[in-house]
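**Q** Test case, fold it:
(one chain, ligands or ions: 2)
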Amino acid sequence: MGELITVSASKNSVQSNVQINLPASKSISNRLLIMRALSGNLIRIENLSSADDTQILETALGVKSGEVNLGLAGTALRFGMAWAAVTPGVRVLRGDARLNERPVKELANALRELGADFKYIEKEGFAPVEITGKKLNGGKLTIDGSRSSQFITAMMLIAPYCEAPLLFKIDKSQVSMPYVDMTVSLMRKAGAKIEQQESDIKISGAYGSSDFVVEPDWSAASYFYLWAMALEKTTLSINGLPFESVQGDKVASDIFAHYGIISHFTDGNMRIAKKLLPDFPEEINCIGCPDLAQTFAIAAVIAQKSVRLTGLQTLRHKETDRIEALKNELAKCGVFCKAGSDFLEILSFEKPAGTPIIKTYKDHRMAMAFAPLAAIFGEIQIENPGVVSKSFPGYWKEVEKMGLVLESD
Ligand SMILES: O=C(O)C1=C[C@@H](OP(=O)(O)O)[C@@H](O)[C@H](O)C1
Ligand SMILES: C=C(OP(=O)(O)O)C(=O)O
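**A** Ligands and ions are numbered 1, 2, ... in the order given. Purely as a prediction, here's the structure:
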(Lines give C-alpha, C1' and ligand atoms only; values in the text may rest on other atoms or scores of the structure.)
(Ligands and ions follow the chains in the order given, each with its own letter.)
Protein backbone atom coordinates (compact mmCIF):
# COMPACT_ATOMS: atom_id res chain seq x y z
CA MET A 1 0.00 0.00 0.00
CA GLY A 2 1.36 3.45 -0.99
CA GLU A 3 1.85 6.71 0.90
CA LEU A 4 -1.49 8.19 -0.13
CA ILE A 5 -4.81 6.83 -1.27
CA THR A 6 -7.36 8.83 -3.25
CA VAL A 7 -10.91 7.71 -2.56
CA SER A 8 -13.41 8.88 -5.19
CA ALA A 9 -17.12 8.44 -5.37
CA SER A 10 -18.10 8.28 -9.02
CA LYS A 11 -21.74 8.39 -10.14
CA ASN A 12 -21.62 4.59 -10.37
CA SER A 13 -20.64 4.32 -6.72
CA VAL A 14 -24.16 3.47 -5.75
CA GLN A 15 -24.41 -0.29 -5.26
CA SER A 16 -27.27 -1.99 -3.52
CA ASN A 17 -27.06 -4.93 -1.15
CA VAL A 18 -23.30 -5.05 -0.79
CA GLN A 19 -22.03 -7.81 1.52
CA ILE A 20 -19.40 -6.51 3.93
CA ASN A 21 -16.94 -8.78 5.76
CA LEU A 22 -15.62 -7.43 9.04
CA PRO A 23 -12.50 -8.58 10.87
CA ALA A 24 -13.04 -10.51 14.10
CA SER A 25 -13.06 -8.38 17.26
CA LYS A 26 -9.50 -7.58 18.34
CA SER A 27 -10.62 -6.92 21.93
CA ILE A 28 -12.18 -10.37 22.22
CA SER A 29 -9.28 -12.01 20.37
CA ASN A 30 -6.63 -10.45 22.61
CA ARG A 31 -8.42 -11.45 25.82
CA LEU A 32 -8.84 -15.02 24.56
CA LEU A 33 -5.17 -15.26 23.58
CA ILE A 34 -4.10 -14.40 27.14
CA MET A 35 -6.66 -16.78 28.62
CA ARG A 36 -5.55 -19.59 26.29
CA ALA A 37 -1.88 -19.07 27.21
CA LEU A 38 -2.64 -19.09 30.95
CA SER A 39 -4.90 -22.14 30.70
CA GLY A 40 -2.19 -24.26 29.04
CA ASN A 41 -4.08 -24.30 25.72
CA LEU A 42 -7.37 -25.56 27.17
CA ILE A 43 -9.21 -22.79 25.33
CA ARG A 44 -9.97 -23.29 21.66
CA ILE A 45 -10.46 -20.18 19.53
CA GLU A 46 -12.10 -19.98 16.11
CA ASN A 47 -12.07 -16.89 13.89
CA LEU A 48 -9.20 -15.11 15.65
CA SER A 49 -8.68 -11.56 14.36
CA SER A 50 -6.18 -11.05 11.53
CA ALA A 51 -5.42 -7.55 12.87
CA ASP A 52 -1.81 -6.53 13.51
CA ASP A 53 -2.58 -6.04 17.22
CA THR A 54 -3.71 -9.65 17.55
CA GLN A 55 -0.89 -11.14 15.47
CA ILE A 56 1.61 -9.17 17.57
CA LEU A 57 0.18 -10.50 20.82
CA GLU A 58 0.05 -14.07 19.54
CA THR A 59 3.74 -13.89 18.61
CA ALA A 60 4.63 -12.23 21.93
CA LEU A 61 3.00 -15.00 23.93
CA GLY A 62 5.41 -17.47 22.33
CA VAL A 63 8.49 -15.64 23.67
CA LYS A 64 9.89 -17.60 26.63
CA SER A 65 12.52 -15.02 27.65
CA GLY A 66 14.14 -11.87 26.23
CA GLU A 67 12.81 -8.96 24.15
CA VAL A 68 9.15 -8.66 23.20
CA ASN A 69 8.01 -5.87 20.85
CA LEU A 70 4.33 -5.03 20.98
CA GLY A 71 4.35 -2.51 18.12
CA LEU A 72 1.54 -0.01 18.61
CA ALA A 73 -0.85 -2.36 20.40
CA GLY A 74 -2.15 -0.96 23.70
CA THR A 75 -4.05 -4.08 24.77
CA ALA A 76 -1.12 -6.33 23.82
CA LEU A 77 1.22 -4.28 26.04
CA ARG A 78 -1.12 -4.00 29.03
CA PHE A 79 -2.46 -7.57 28.91
CA GLY A 80 1.04 -8.84 28.03
CA MET A 81 2.55 -7.18 31.12
CA ALA A 82 0.12 -9.00 33.39
CA TRP A 83 0.71 -12.30 31.58
CA ALA A 84 4.50 -11.90 31.85
CA ALA A 85 4.20 -11.23 35.60
CA VAL A 86 2.70 -14.69 36.23
CA THR A 87 4.51 -16.73 33.53
CA PRO A 88 8.02 -18.11 34.09
CA GLY A 89 10.75 -16.20 32.18
CA VAL A 90 12.52 -12.84 32.19
CA ARG A 91 11.11 -10.56 29.48
CA VAL A 92 11.56 -6.99 28.36
CA LEU A 93 8.31 -5.60 26.93
CA ARG A 94 8.53 -2.55 24.71
CA GLY A 95 6.66 -0.98 21.85
CA ASP A 96 7.14 1.41 18.95
CA ALA A 97 7.70 5.02 19.97
CA ARG A 98 4.04 5.96 20.53
CA LEU A 99 3.28 2.84 22.59
CA ASN A 100 6.18 3.74 24.89
CA GLU A 101 4.42 7.05 25.57
CA ARG A 102 1.11 5.47 26.57
CA PRO A 103 0.54 5.05 30.34
CA VAL A 104 1.12 1.78 32.24
CA LYS A 105 1.81 3.11 35.74
CA GLU A 106 -1.48 2.15 37.41
CA LEU A 107 -1.09 -1.40 36.07
CA ALA A 108 2.54 -1.59 37.19
CA ASN A 109 1.50 -0.43 40.68
CA ALA A 110 -1.20 -3.10 40.87
CA LEU A 111 1.23 -5.82 39.76
CA ARG A 112 3.79 -4.67 42.33
CA GLU A 113 1.14 -4.65 45.05
CA LEU A 114 0.67 -8.38 44.40
CA GLY A 115 4.45 -8.94 44.62
CA ALA A 116 5.43 -8.86 40.92
CA ASP A 117 9.11 -8.63 39.97
CA PHE A 118 8.91 -5.55 37.79
CA LYS A 119 11.16 -2.66 36.76
CA TYR A 120 11.08 0.27 34.39
CA ILE A 121 14.00 0.34 31.98
CA GLU A 122 13.87 3.96 30.84
CA LYS A 123 11.12 6.16 32.21
CA GLU A 124 8.94 5.61 35.28
CA GLY A 125 5.34 4.91 34.25
CA PHE A 126 6.09 3.78 30.67
CA ALA A 127 7.42 0.86 28.62
CA PRO A 128 9.99 -0.56 28.15
CA VAL A 129 9.63 -2.66 31.30
CA GLU A 130 11.44 -5.76 32.55
CA ILE A 131 9.29 -8.41 34.17
CA THR A 132 10.29 -11.72 35.76
CA GLY A 133 7.38 -14.13 35.95
CA LYS A 134 6.43 -15.65 39.32
CA LYS A 135 3.40 -16.70 41.35
CA LEU A 136 1.57 -13.56 42.54
CA ASN A 137 -0.35 -13.08 45.78
CA GLY A 138 -4.10 -12.62 45.77
CA GLY A 139 -6.13 -10.46 48.12
CA LYS A 140 -7.53 -6.96 47.96
CA LEU A 141 -6.63 -4.63 45.13
CA THR A 142 -7.78 -1.14 44.24
CA ILE A 143 -6.80 -0.08 40.74
CA ASP A 144 -7.07 3.40 39.35
CA GLY A 145 -8.96 2.88 36.12
CA SER A 146 -9.53 6.55 35.30
CA ARG A 147 -7.09 6.59 32.35
CA SER A 148 -7.71 3.13 30.89
CA SER A 149 -9.91 0.10 31.55
CA GLN A 150 -7.13 -2.04 30.10
CA PHE A 151 -5.32 -1.95 33.49
CA ILE A 152 -8.34 -3.58 35.13
CA THR A 153 -8.87 -6.13 32.37
CA ALA A 154 -5.17 -7.07 32.52
CA MET A 155 -5.36 -7.76 36.27
CA MET A 156 -8.67 -9.61 35.95
CA LEU A 157 -7.34 -11.91 33.22
CA ILE A 158 -4.51 -13.17 35.46
CA ALA A 159 -6.58 -13.26 38.68
CA PRO A 160 -7.44 -16.98 38.41
CA TYR A 161 -3.70 -17.74 38.51
CA CYS A 162 -2.86 -15.83 41.71
CA GLU A 163 -2.22 -17.61 45.05
CA ALA A 164 -5.58 -16.57 46.52
CA PRO A 165 -8.81 -15.05 45.14
CA LEU A 166 -8.46 -11.44 43.98
CA LEU A 167 -10.87 -8.84 45.30
CA PHE A 168 -11.08 -5.75 43.11
CA LYS A 169 -12.54 -2.44 43.93
CA ILE A 170 -13.40 -0.43 40.84
CA ASP A 171 -13.78 3.24 41.56
CA LYS A 172 -16.43 5.54 40.17
CA SER A 173 -14.21 7.39 37.74
CA GLN A 174 -13.75 4.17 35.77
CA VAL A 175 -13.66 4.76 32.00
CA SER A 176 -14.53 2.38 29.15
CA MET A 177 -16.59 0.18 31.50
CA PRO A 178 -18.18 -1.98 28.74
CA TYR A 179 -14.69 -3.40 28.10
CA VAL A 180 -14.55 -4.62 31.72
CA ASP A 181 -17.98 -6.20 31.24
CA MET A 182 -16.62 -7.95 28.13
CA THR A 183 -13.76 -9.35 30.22
CA VAL A 184 -16.16 -10.63 32.90
CA SER A 185 -18.35 -12.28 30.31
CA LEU A 186 -15.50 -14.09 28.49
CA MET A 187 -13.82 -15.20 31.74
CA ARG A 188 -17.09 -16.61 33.09
CA LYS A 189 -17.64 -18.55 29.86
CA ALA A 190 -14.14 -20.03 30.25
CA GLY A 191 -14.96 -21.25 33.78
CA ALA A 192 -13.55 -18.53 36.07
CA LYS A 193 -15.69 -17.75 39.11
CA ILE A 194 -16.61 -14.07 39.26
CA GLU A 195 -18.81 -12.52 41.92
CA GLN A 196 -19.75 -8.93 41.20
CA GLN A 197 -21.52 -6.54 43.56
CA GLU A 198 -21.66 -2.94 42.41
CA SER A 199 -18.03 -1.81 42.28
CA ASP A 200 -16.60 -4.95 43.98
CA ILE A 201 -15.45 -7.96 41.96
CA LYS A 202 -14.13 -11.23 43.41
CA ILE A 203 -12.34 -13.63 41.07
CA SER A 204 -11.28 -17.21 41.75
CA GLY A 205 -11.22 -20.56 39.98
CA ALA A 206 -9.33 -21.23 36.75
CA TYR A 207 -9.99 -21.40 33.02
CA GLY A 208 -11.18 -24.81 31.89
CA SER A 209 -11.68 -26.49 28.56
CA SER A 210 -13.88 -24.21 26.44
CA ASP A 211 -14.63 -23.23 22.84
CA PHE A 212 -15.00 -19.70 21.50
CA VAL A 213 -15.91 -18.29 18.10
CA VAL A 214 -14.82 -14.64 17.96
CA GLU A 215 -17.57 -12.20 16.92
CA PRO A 216 -17.01 -9.66 14.12
CA ASP A 217 -15.71 -6.32 15.39
CA TRP A 218 -18.39 -3.74 16.23
CA SER A 219 -15.92 -0.81 16.18
CA ALA A 220 -15.09 -1.80 12.59
CA ALA A 221 -18.82 -2.03 11.78
CA SER A 222 -19.26 1.61 12.79
CA TYR A 223 -17.48 2.87 9.63
CA PHE A 224 -20.09 1.20 7.45
CA TYR A 225 -22.85 3.16 9.16
CA LEU A 226 -20.95 6.23 7.94
CA TRP A 227 -20.81 4.84 4.41
CA ALA A 228 -24.53 4.02 4.58
CA MET A 229 -25.21 7.64 5.60
CA ALA A 230 -22.95 9.17 2.97
CA LEU A 231 -23.80 7.01 -0.05
CA GLU A 232 -27.21 7.42 -1.55
CA LYS A 233 -29.65 4.52 -1.38
CA THR A 234 -27.12 2.02 -0.19
CA THR A 235 -28.15 -1.04 1.80
CA LEU A 236 -25.27 -2.90 3.37
CA SER A 237 -25.31 -6.44 4.72
CA ILE A 238 -22.76 -6.94 7.43
CA ASN A 239 -21.91 -10.62 7.53
CA GLY A 240 -22.04 -12.49 10.82
CA LEU A 241 -22.75 -9.51 13.08
CA PRO A 242 -25.19 -10.73 15.73
CA PHE A 243 -27.58 -8.61 17.83
CA GLU A 244 -26.36 -10.22 21.06
CA SER A 245 -22.77 -9.16 21.57
CA VAL A 246 -20.26 -8.77 24.40
CA GLN A 247 -18.89 -5.64 22.67
CA GLY A 248 -19.92 -2.28 24.08
CA ASP A 249 -19.46 -0.67 20.66
CA LYS A 250 -22.71 -2.29 19.53
CA VAL A 251 -24.14 0.97 20.93
CA ALA A 252 -23.31 2.31 17.43
CA SER A 253 -26.59 0.80 16.21
CA ASP A 254 -28.57 2.96 18.70
CA ILE A 255 -26.67 6.17 17.99
CA PHE A 256 -26.91 5.76 14.22
CA ALA A 257 -30.68 5.26 14.48
CA HIS A 258 -30.69 8.97 15.47
CA TYR A 259 -28.73 9.74 12.29
CA GLY A 260 -31.32 7.96 10.19
CA ILE A 261 -29.71 4.55 9.72
CA ILE A 262 -31.60 1.54 10.96
CA SER A 263 -30.16 -1.88 11.73
CA HIS A 264 -32.03 -5.11 11.07
CA PHE A 265 -30.69 -8.30 12.60
CA THR A 266 -31.72 -11.51 10.87
CA ASP A 267 -30.12 -14.98 10.76
CA GLY A 268 -27.01 -13.80 12.61
CA ASN A 269 -26.31 -11.02 10.06
CA MET A 270 -27.04 -7.31 10.13
CA ARG A 271 -28.49 -5.15 7.37
CA ILE A 272 -28.27 -1.38 7.58
CA ALA A 273 -30.27 1.09 5.52
CA LYS A 274 -31.53 4.67 5.60
CA LYS A 275 -34.86 5.51 7.19
CA LEU A 276 -36.66 8.73 6.60
CA LEU A 277 -36.79 10.66 9.85
CA PRO A 278 -33.53 11.24 11.70
CA ASP A 279 -33.63 12.98 15.07
CA PHE A 280 -30.07 14.23 15.42
CA PRO A 281 -28.46 14.09 18.88
CA GLU A 282 -27.09 17.30 20.45
CA GLU A 283 -24.64 15.41 22.66
CA ILE A 284 -23.06 11.96 22.58
CA ASN A 285 -21.22 10.72 25.66
CA CYS A 286 -18.37 8.44 24.53
CA ILE A 287 -17.06 7.46 27.96
CA GLY A 288 -18.12 3.84 27.39
CA CYS A 289 -17.24 3.71 23.68
CA PRO A 290 -14.07 5.79 23.11
CA ASP A 291 -13.20 3.99 19.87
CA LEU A 292 -16.40 5.35 18.29
CA ALA A 293 -15.59 9.03 18.91
CA GLN A 294 -14.00 9.55 15.48
CA THR A 295 -16.93 7.76 13.83
CA PHE A 296 -19.46 10.02 15.59
CA ALA A 297 -17.49 13.15 14.66
CA ILE A 298 -17.72 12.19 10.98
CA ALA A 299 -21.42 11.28 11.31
CA ALA A 300 -22.03 14.89 12.37
CA VAL A 301 -20.10 16.15 9.33
CA ILE A 302 -22.06 13.96 6.92
CA ALA A 303 -25.32 15.11 8.53
CA GLN A 304 -24.03 18.73 8.69
CA LYS A 305 -25.38 18.92 12.27
CA SER A 306 -23.54 20.31 15.28
CA VAL A 307 -22.87 17.91 18.11
CA ARG A 308 -21.02 17.91 21.42
CA LEU A 309 -18.96 14.75 21.97
CA THR A 310 -18.25 14.28 25.68
CA GLY A 311 -16.44 11.70 27.84
CA LEU A 312 -13.35 11.93 25.63
CA GLN A 313 -10.71 12.09 28.39
CA THR A 314 -9.03 8.85 27.30
CA LEU A 315 -8.62 9.97 23.69
CA ARG A 316 -5.41 11.85 24.39
CA HIS A 317 -3.72 8.55 25.42
CA LYS A 318 -4.60 6.50 22.35
CA GLU A 319 -2.67 5.80 19.12
CA THR A 320 -2.38 9.59 18.87
CA ASP A 321 -4.01 12.47 20.71
CA ARG A 322 -7.30 11.84 18.94
CA ILE A 323 -8.96 15.10 20.05
CA GLU A 324 -6.15 17.14 18.49
CA ALA A 325 -6.01 14.93 15.39
CA LEU A 326 -9.76 15.27 14.84
CA LYS A 327 -9.66 19.03 15.28
CA ASN A 328 -6.78 19.46 12.80
CA GLU A 329 -8.15 17.18 10.11
CA LEU A 330 -11.77 18.35 10.42
CA ALA A 331 -10.50 21.89 9.81
CA LYS A 332 -9.22 20.70 6.40
CA CYS A 333 -12.78 19.53 5.69
CA GLY A 334 -14.22 22.97 6.42
CA VAL A 335 -15.44 21.99 9.89
CA PHE A 336 -14.92 24.32 12.83
CA CYS A 337 -14.57 22.67 16.26
CA LYS A 338 -13.93 23.63 19.83
CA ALA A 339 -11.84 21.13 21.80
CA GLY A 340 -11.30 20.69 25.54
CA SER A 341 -9.53 18.08 27.65
CA ASP A 342 -12.52 15.72 27.49
CA PHE A 343 -14.86 17.06 24.81
CA LEU A 344 -15.08 18.12 21.20
CA GLU A 345 -17.79 20.41 19.91
CA ILE A 346 -18.45 20.24 16.20
CA LEU A 347 -19.86 23.63 15.48
CA SER A 348 -20.06 24.71 11.85
CA PHE A 349 -19.51 23.49 8.32
CA GLU A 350 -18.20 25.07 5.13
CA LYS A 351 -17.42 23.52 1.78
CA PRO A 352 -13.70 22.64 1.76
CA ALA A 353 -11.57 24.38 -0.87
CA GLY A 354 -10.27 21.46 -2.96
CA THR A 355 -9.76 17.83 -1.99
CA PRO A 356 -8.89 17.44 1.70
CA ILE A 357 -5.65 15.49 2.34
CA ILE A 358 -6.09 13.75 5.69
CA LYS A 359 -3.14 12.92 7.94
CA THR A 360 -3.63 9.71 9.92
CA TYR A 361 -1.06 10.07 12.75
CA LYS A 362 -0.39 6.27 12.74
CA ASP A 363 -4.01 5.89 13.85
CA HIS A 364 -6.12 3.33 11.99
CA ARG A 365 -9.34 5.00 13.11
CA MET A 366 -8.44 8.33 11.50
CA ALA A 367 -8.17 6.61 8.10
CA MET A 368 -11.30 4.50 8.43
CA ALA A 369 -13.52 7.28 9.80
CA PHE A 370 -12.52 10.02 7.35
CA ALA A 371 -12.71 7.92 4.16
CA PRO A 372 -16.55 8.03 3.90
CA LEU A 373 -16.36 11.81 3.44
CA ALA A 374 -15.34 10.94 -0.15
CA ALA A 375 -19.00 10.26 -0.79
CA ILE A 376 -20.04 13.79 0.13
CA PHE A 377 -17.00 15.75 -1.12
CA GLY A 378 -16.61 13.62 -4.28
CA GLU A 379 -13.02 12.83 -3.33
CA ILE A 380 -10.77 12.64 -0.29
CA GLN A 381 -7.10 11.70 0.11
CA ILE A 382 -5.85 9.69 3.06
CA GLU A 383 -2.17 9.57 4.00
CA ASN A 384 -0.57 6.24 4.98
CA PRO A 385 -3.71 4.20 4.30
CA GLY A 386 -1.91 1.02 5.42
CA VAL A 387 -2.49 2.09 9.06
CA VAL A 388 -5.85 0.34 8.94
CA SER A 389 -4.09 -3.01 9.43
CA LYS A 390 -3.85 -2.33 13.18
CA SER A 391 -7.45 -3.52 13.50
CA PHE A 392 -8.91 -4.02 9.99
CA PRO A 393 -6.43 -5.16 7.29
CA GLY A 394 -9.21 -5.69 4.71
CA TYR A 395 -10.85 -2.26 5.09
CA TRP A 396 -10.01 -0.85 1.64
CA LYS A 397 -11.12 -4.05 -0.09
CA GLU A 398 -14.54 -3.72 1.54
CA VAL A 399 -14.68 -0.03 0.53
CA GLU A 400 -14.07 -0.97 -3.11
CA LYS A 401 -16.99 -3.41 -2.98
CA MET A 402 -19.33 -0.45 -2.46
CA GLY A 403 -18.24 0.98 -5.83
CA LEU A 404 -15.73 3.55 -4.58
CA VAL A 405 -12.69 4.14 -6.77
CA LEU A 406 -9.35 3.84 -4.98
CA GLU A 407 -6.06 5.06 -6.39
CA SER A 408 -2.80 4.50 -4.54
CA ASP A 409 0.44 6.47 -4.94
O1 LIG B 1 -9.96 -3.56 26.51
C2 LIG B 1 -9.96 -3.31 25.30
O3 LIG B 1 -9.94 -4.21 24.44
C4 LIG B 1 -9.95 -1.89 24.87
C5 LIG B 1 -10.29 -0.89 25.76
C6 LIG B 1 -10.36 0.53 25.37
O7 LIG B 1 -9.23 1.20 25.93
P8 LIG B 1 -9.29 2.14 27.25
O9 LIG B 1 -9.83 1.34 28.37
O10 LIG B 1 -7.87 2.53 27.42
O11 LIG B 1 -10.19 3.31 26.92
C12 LIG B 1 -10.37 0.71 23.86
O13 LIG B 1 -10.12 2.05 23.53
C14 LIG B 1 -9.35 -0.18 23.18
O15 LIG B 1 -9.37 -0.02 21.79
C16 LIG B 1 -9.62 -1.63 23.47
C1 LIG C 1 -7.18 2.42 21.31
C2 LIG C 1 -7.14 1.35 20.52
O3 LIG C 1 -6.38 0.25 20.70
P4 LIG C 1 -5.24 -0.05 21.79
O5 LIG C 1 -5.48 0.76 23.02
O6 LIG C 1 -5.36 -1.52 22.03
O7 LIG C 1 -3.92 0.31 21.13
C8 LIG C 1 -8.02 1.29 19.33
O9 LIG C 1 -8.08 0.22 18.69
O10 LIG C 1 -8.68 2.29 19.00
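
**Q** So which residues on this structure come close to ligand 1?
**A** Taking CB under 6 Å from any ligand atom, the part of the chain that reaches ligand 1 is made up of 27, 75, 148-150, 153, 175-176, 179, 290-291, 314. C-beta here means a position set from N, CA and C on the backbone, and glycine is covered the same way.

**Q** out of these, who's nearest residue 231?
**A** Residue 231 lies nearest to residue 291 out of the residues of the chain next to ligand 1, by CB to CB, at 22.7 Å.

**Q** That closest one is in contact with residue 363, isn't it?
**A** No - Residue 291 lies out of contact with residue 363 (CB atoms under 8 Å); the separation is 10.8 Å.

**Q** Straight-line length of stretch 360-367, end to end?
**A** End-to-end distance of stretch 360-367 (CA to CA, to the nearest Å): 6 Å.

**Q** re earlier: between residue 291 and residue 363, which one's more packed in?
**A** residue 291 (26 against 23; other CB atoms under 10 Å).

**Q** For stretch 332-351, measure first residue to last.
**A** Using CA to CA, the two ends of stretch 332-351 sit 10 Å apart.

**Q** So which bits of it are buried?
**A** By neighbour count on 16 or more other CB atoms under 10 Å, the buried set for stretch 332-351 is 332-333, 335, 337, 339, 342-346, 349.

**Q** Let's have those residues in JSON lines, adding pLDDT and distance to residue 93.
**A** Below are these laid out as JSON lines (pLDDT from 0 to 100; distance: CB to CB, whole Å):
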{"residue": "332", "pLDDT": "98", "distance to residue 93": "37"}
{"residue": "333", "pLDDT": "98", "distance to residue 93": "38"}
{"residue": "335", "pLDDT": "98", "distance to residue 93": "39"}
{"residue": "337", "pLDDT": "97", "distance to residue 93": "36"}
{"residue": "339", "pLDDT": "98", "distance to residue 93": "32"}
{"residue": "342", "pLDDT": "97", "distance to residue 93": "29"}
{"residue": "343", "pLDDT": "98", "distance to residue 93": "33"}
{"residue": "344", "pLDDT": "98", "distance to residue 93": "32"}
{"residue": "345", "pLDDT": "98", "distance to residue 93": "38"}
{"residue": "346", "pLDDT": "98", "distance to residue 93": "38"}
{"residue": "349", "pLDDT": "97", "distance to residue 93": "44"}
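
**Q** Mark which of the residues you listed are part of helices, please.
**A** Within the buried residues of stretch 332-351, residues falling in helices by DSSP state H are residue 332.

**Q** Please dump the buried residues of stretch 332-351 into TSV; it should also carry distance to residue 383 for every row.
**A** What follows is the buried residues of stretch 332-351, written out as TSV (distance: CB to CB, whole Å):
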residue	distance to residue 383
332	11
333	14
335	18
337	20
339	21
342	27
343	26
344	21
345	26
346	22
349	23
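
**Q** Return the member of the buried residues of stretch 332-351 nearest to residue 167.
**A** Within the buried residues of stretch 332-351, proximity to residue 167 (CB to CB) peaks at residue 342, which comes in at 30.1 Å.

**Q** Next, residue 158: secondary structure please.
**A** State at residue 158, reduced to three classes by DSSP: H, G, I helix; E, B strand; the rest coil: helix.

**Q** which residues touch it?
**A** Taking CB atoms under 8 Å, 6 or more residues apart in numbering, we find residue 158 in contact with 34, 38, 82-83, 85-86, 136.

**Q** Could you check how far it is from residue 151?
**A** In this view, residue 158 and residue 151 are 12 Å apart by CB to CB, to the nearest Å.

**Q** circling back: compare the contacts of residue 158 and tell me which is most surrounded.
**A** Highest neighbour count within the contacts of residue 158: residue 85, with 30 neighbours (other CB under 10 Å).

**Q** Can you name the residue of the stretch 201-350 of the chain nearest to ligand 1?
**A** Nearest residue of the stretch 201-350 of the chain to ligand 1: residue 314, at 4.2 Å (CB to the nearest ligand atom).

**Q** Number of residues surrounding residue 3?
**A** Residues within reach of residue 3, counting by other CB under 10 Å, total 10.

**Q** contacting residues for the nearest residue to it once chain neighbours are set aside?
**A** Spatial nearest neighbour of residue 3, chain neighbours left out: residue 409 (5.6 Å); criterion: CB to CB, 6 or more residues apart in numbering. Residues near residue 409 by CB under 8 Å, 6+ apart: 2-6.

**Q** Quick check: ChimeraX command selecting the buried ones in those.
**A** Remark: buried members of the contacts of residue 409, expressed as a ChimeraX selection using 16+ other CB under 10 Å:
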select :5,6
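
**Q** can you give me the helices in the protein?
**A** 26-39, 52-60, 74-86, 105-113, 150-158, 177-189, 218-230, 252-258, 293-303, 322-332, 364-370, 374-377, 395-401.

**Q** Which residue does the stretch 1-150 of the chain have closest to ligand 2?
**A** Closest residue of the stretch 1-150 of the chain to ligand 2, CB to the nearest ligand atom: residue 74 (2.5 Å).

**Q** got a pLDDT number for the residue sitting nearest the centre point of the chain?
**A** The residue lying closest to the centre of the chain (CA atoms, centre = their mean) is residue 291, at 5.2 Å. On the pLDDT scale, residue 291 is placed at 98.

**Q** thinking again about what came up before, out of the contacts of residue 409, who's nearest residue 212?
**A** Relative to residue 212, the closest of the contacts of residue 409 is residue 5; by CB to CB it sits at 34.3 Å.
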